[in-house]
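Novice: Structure for this input, please:
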Amino acid sequence: MEQLIKYRIVCTLSFGDIYGQIMVWLIVIFLSLASALALWSAERQIYALATVGLILVLSLPFLLFAFVTTLLNHIELDPIEVDAKNYTRRQQPTQKPAEASS
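Specialist: Numbering: from 1, shown residues only. Just a heads-up that it's a prediction; the model follows:
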């Protein structure tokens, strides 16, 4: 009977990969708040709130799409060679494990 190949899932996503997306999202939030302040007056308060809501609702799907596709592009499947008694890997890990800094 054929032996099944096992895989190890590795996520190589780092903060630098999504840093630009976070910066764009912050710019969108600040621009929507600036537009709300520009529209804010005694008679147009509902327009200001609607503008902020519309900008956030329309931009959120694009942000989520960009983040999810970036995440999926950084997931790797590494095959693991399995012995009957012990597990040995075919490939060594490409990254060092996270360490706490003091």
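Novice: Tell me which strands the longest strand seen in the chain pairs with, and in which orientation.
Specialist: Longest strand in the chain, counting residues (DSSP state E): strand 75-82. Looking at strand 75-82 with DSSP bridges, its partner strands are strand 6-11 (antiparallel), strand 87-89 (antiparallel).
Novice: got the buried residues for that strand?
Specialist: If you call a residue buried by 16 or more other Cβ atoms under 10 Å, then strand 75-82 has no buried ones at all. Placement of C-beta: from N, CA and C, glycine included.
Novice: centre of the chain versus that strand, how much separation?
Specialist: 23 Å (Cα atoms, centre = their mean, to the nearest Å).
Novice: so where do the helices sit in the chain?
Specialist: Listed in chain order, the helices of the chain (DSSP state H) span residues 15-39, 45-73.
Novice: and the direction of the last one versus that of helix 15-39, what angle?
Specialist: What it means is helix 45-73. Counting by axes from the mean of the first three to the mean of the last three Cα atoms, to 10 degrees, helix 45-73 lies at 170 degrees to helix 15-39.
Novice: quick check, distance from helix 45-73 to the centre of its chain.
Specialist: 14 Å.
Novice: so what does it touch, helix or strand wise?
Specialist: Packing partners of helix 45-73 (3 or more Cβ pairs under 8 Å, 6 or more residues apart in numbering; DSSP states H and E): helix 15-39.
Novice: follow-up on the earlier one: the helices of the chain: which one's closest to residue 81?
Specialist: For the helices of the chain, the distance to residue 81 is smallest for helix 45-73, at 25.8 Å, taking Cβ to Cβ.
Novice: For that closest one, the averaged confidence score.
Specialist: Helix 45-73 shows a mean pLDDT of 88.
Novice: Give me the buried positions along that helix.
Specialist: Residues of helix 45-73 classed as buried by neighbour count (16+ other Cβ under 10 Å): 48, 51-52, 55, 59, 67.
Novice: Let me know the closest of those to residue 12.
Specialist: Residue 12 has its nearest neighbour among these in residue 67, at 15.1 Å by Cβ to Cβ.
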